[in-house]
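Engineer: A predicted structure for the sequence below; I have some questions about it.
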Amino acid sequence: MTARGPSLRQRQRAQVLGELQRSALSLFAERGYDAVTTEEIATAAGVSLSTYFRHVESKDELLLGPMRRAGQVIVANLRDRPADEPPGTALTRAITAWSETFAEANDAVAQWRDVILGAPHLLRRITLIAADDRERMVELVAARMGTDRAADQRPGLLVHVLFAATEYAYRRWLVEGTDWTSLHELTCQALDVTRNARWQ
């Protein structure tokens, strides 16, 4: 049995949301995040205000939403890794598969980063991995280890340590980086250092 693809309604919803995100990013880059209104975003995307609010809860969701969904992507990546892959390898590859997508988005990522840096108050609201996604990853890692996460610290420690490295690389790229392509490279480097750490 083959898996069913997204329904027409789901595709249409994704198309409208994508257009809202593109229009918002373009306006944010041109005039600054704080100067753009929801009405202007809806008009630029060619939709009514009521349609806008059916797809988006708030303006910041258009800017921060894709990053907030990073955890969901990594969970799905981890679930799809080969069953016989060691837990640390599987989680590392799930994370780097996510970071690599930034290399495919090219100019849009550079533009997104510039908008975020132009609205520094948003930096405090960017969370790469939500708590629920982190917990789901601990469950998946524990299953790969064949252990009980309640009695064994290893699954939780592995997830938390690797994501601490990922968050560090991400924030370093966001605040200090000058080349948008370096996020994937920084992530890979941080994960390699963490997994093979010799601190002295």
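Structural biologist: Yep, it's here. Numbering: from 1, shown residues only.
Engineer: Just give the number of residues close to Ala90.
Structural biologist: Close neighbours of Ala90, defined as other CB atoms under 10 Å, add up to 21. C-beta: built from backbone N, CA, C; applies to glycine.
Engineer: Hmm, Arg79 and it touching each other?
Structural biologist: No - counting by CB atoms under 8 Å, Ala90 stays clear of Arg79, with 9.5 Å between them.
Engineer: per-residue confidence at the closest residue to Leu122 other than its chain neighbours?
Structural biologist: Spatially, and ignoring its direct neighbours in sequence, Leu122 is nearest to Ile116 (5.9 Å; CB to CB, 6 or more residues apart in numbering). On the pLDDT scale, Ile116 is placed at 86.
Engineer: show me what contacts the most centrally placed residue in the chain?
Structural biologist: What sits nearest the mean C-alpha location of the chain, by CA atoms, centre = their mean, is Ala70, with 2.3 Å. Going by CB atoms under 8 Å, 6 or more residues apart in numbering, Ala70 touches 98, 128-129.
Engineer: Now, those residues that are in helices?
Structural biologist: Trp98 (DSSP state H).
Engineer: what does the model give Gly71 for pLDDT?
Structural biologist: For Gly71, the model assigns a pLDDT of 89.
Engineer: Please determine how far it is located from Arg144.
Structural biologist: Distance, Gly71 to Arg144, using CB to CB, to the nearest Å: 18 Å.
Engineer: ok, back up a step: doesn't Leu63 make contact with the residue nearest to Leu122?
Structural biologist: Yes - counting by CB under 8 Å, Ile116 does reach Leu63; the two are 7.2 Å apart.
Engineer: what touches both of the two?
Structural biologist: Listed as contacting both Ile116 and Leu63 by CB under 8 Å, 6+ apart are Leu122.
Engineer: Neighbour count: these two, which is higher?
Structural biologist: Shown here are Ile116 and Leu63; by other CB under 10 Å, Leu63 has more neighbours (22 against 19).
Engineer: isn't that one right up against Phe28?
Structural biologist: Yes - with contact taken as CB under 8 Å, Leu63 and Phe28 are classed as touching, separated by 6.5 Å.
Engineer: which neighbours do these two share?
Structural biologist: The contact sets of Leu63 and Phe28 overlap at Val115 (CB under 8 Å, 6+ apart).
Engineer: and the closest residue to Thr127 other than its chain neighbours, how many neighbours?
Structural biologist: Once flanking residues are discounted, Thr127 sits nearest to Arg68: 6.6 Å by CB to CB, 6+ apart. Using other CB under 10 Å, Arg68 has 17 other residues around it.
Engineer: Tyr168 now?
Structural biologist: The number of residues near Tyr168, taken as other CB under 10 Å, comes to 15.
Engineer: send the alpha carbons of the helix-or-strand element of the chain with minimal mean pLDDT over as PDB?
Structural biologist: Counting by mean pLDDT, DSSP states H and E, the chain has its least confident helix or strand at helix 107-117, which shows a mean of 81. The C-alpha trace of helix 107-117 is given here as PDB (Å, rounded to 0.1, in the frame of the first residue of the first chain):
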ATOM      1  CA  ASP A 107      19.000  34.100  -1.200                       C
ATOM      2  CA  ALA A 108      15.800  33.600   0.900                       C
ATOM      3  CA  VAL A 109      17.900  32.400   3.900                       C
ATOM      4  CA  ALA A 110      20.200  35.400   3.600                       C
ATOM      5  CA  GLN A 111      17.300  37.700   3.400                       C
ATOM      6  CA  TRP A 112      15.600  36.000   6.400                       C
ATOM      7  CA  ARG A 113      18.800  36.400   8.500                       C
ATOM      8  CA  ASP A 114      19.100  40.100   7.600                       C
ATOM      9  CA  VAL A 115      15.500  40.700   8.700                       C
ATOM     10  CA  ILE A 116      16.000  39.000  12.000                       C
ATOM     11  CA  LEU A 117      19.200  41.000  12.700                       C
END
